[in-house]
Structure formats: C-alpha cells, structure tokens
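> Sequence first, predicted coordinates after that:
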Amino acid sequence: MTEHTLILLRHAKSDWSGDEADVLRPLARRGRRQAPDAGRWLAANVDSIDLVVVSPATRARSTWDLVSAQLDVSPGTRIDERVYAAPGRELLGVVRELSDDLDTVVLVGHNPGIEELVSLLTGEWLPMPTSALAVIAVPGPWSSAGHRPSVLQASGRPPAP
C-alpha cells in the first residue's frame, strides 16, 4: 500500500500591534526567530519535500520563506487561497486533491484548521502552537486521506539551537 507523508506547519508567531487586515499581518520578532528552527528540524529529519502548499497570508508566506532558507533544496511551492483561515474539512479537501506522485507535502496554515486536520486524519487532538510541526503518515492515495487512520509520527515546536 502506498504511504505519503503530510507535514503540517502552523505559521510562526504573528504581530498583532498594527491595524492591517488579518491576511496582511506580519510575523512578530519572536516568529522570525521561531521559523528557522522549524526549517532546521525539517532539514535534519526529512529526506525530501516534493511540494509545499502555503496560505496566502503574509505570516504564512513569511514563515515558509524563513523555513525554506534552512533547506538544502527548496521544494516547489504553491500558494493556495483555500488554506487561509480554512477549517479542517476544507484543508482535508486540499490534501485529497494532491497528486499521488508527491510523496512528501508540507502544508503551511492556521489554527484552528491545522489542529482540526490533525484530528480528522489521526483521531488524536494535538495542540499546534505557532511554528509547531506535525508529521503524519497517510496510508493509500491522497484522495482517500481521512478514510483510514493516519499515524502521527512526530510533532511539536522544534527547539532553538
């Protein structure tokens, strides 16, 4: 049976001090420090990433920019409007549309949708604070994600070096 790896990444800590629209909110100083830690963890623990699907929100795109700067090879990236502020069921739809030739995919998004997606896939509730990662083994084709239990392989916020 085919198995894929889905890595969920919640965006890094955002800056609430301005009055910009939510989608334009930037990263806070703490977020700019956190995101590279996630990138270093991915570089050390994931062999290769085939695709990254990112919310169009500034904080999500900035998070991925800082994360990907830590990788030896920058994977293809797709900005997907559906990921912004999406509930778990909508994110599951995005996952189910992935091509089966993609073995490892990172999805950079927001709460509560990211936490809901972990629960839909694994049956487990997992808190996903800013910059947290969840590595999930998804059995079968992407189109059947959520029909069979997926396995949470690793999770948490990577520590600073």
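Everything's here; your move. Numbering: from 1, shown residues only.

> where does residue 1 land on pLDDT?
At residue 1, the pLDDT value in this model is 60.

> In space, what's closest to residue 123 - neighbours in sequence excluded?
Spatial nearest neighbour of residue 123, chain neighbours left out: residue 149 (5.9 Å); criterion: CB to CB, 6 or more residues apart in numbering. All C-beta spots, glycine's among them, are computed from the backbone N, C-alpha and C.

> I'd say the one you found and residue 122 touch.
Yes. Under the criterion of CB atoms under 8 Å, residue 149 makes contact with residue 122 at 6.5 Å.

> Name the residue in these two with the higher neighbour count.
residue 122 (20 against 13; other CB atoms under 10 Å).

> what about that one, distance to residue 157?
18 Å (CB to CB, to the nearest Å).

> Sketch out the low-pLDDT regions of the protein for me.
Within the chain, the ranges that satisfy pLDDT under 70 run 1.

> hang on, the earlier thing: so what does the residue nearest to residue 123 have for phi and psi?
With angles defined as degrees, to the nearest 10, residue 149 sits at phi -60, psi 130.
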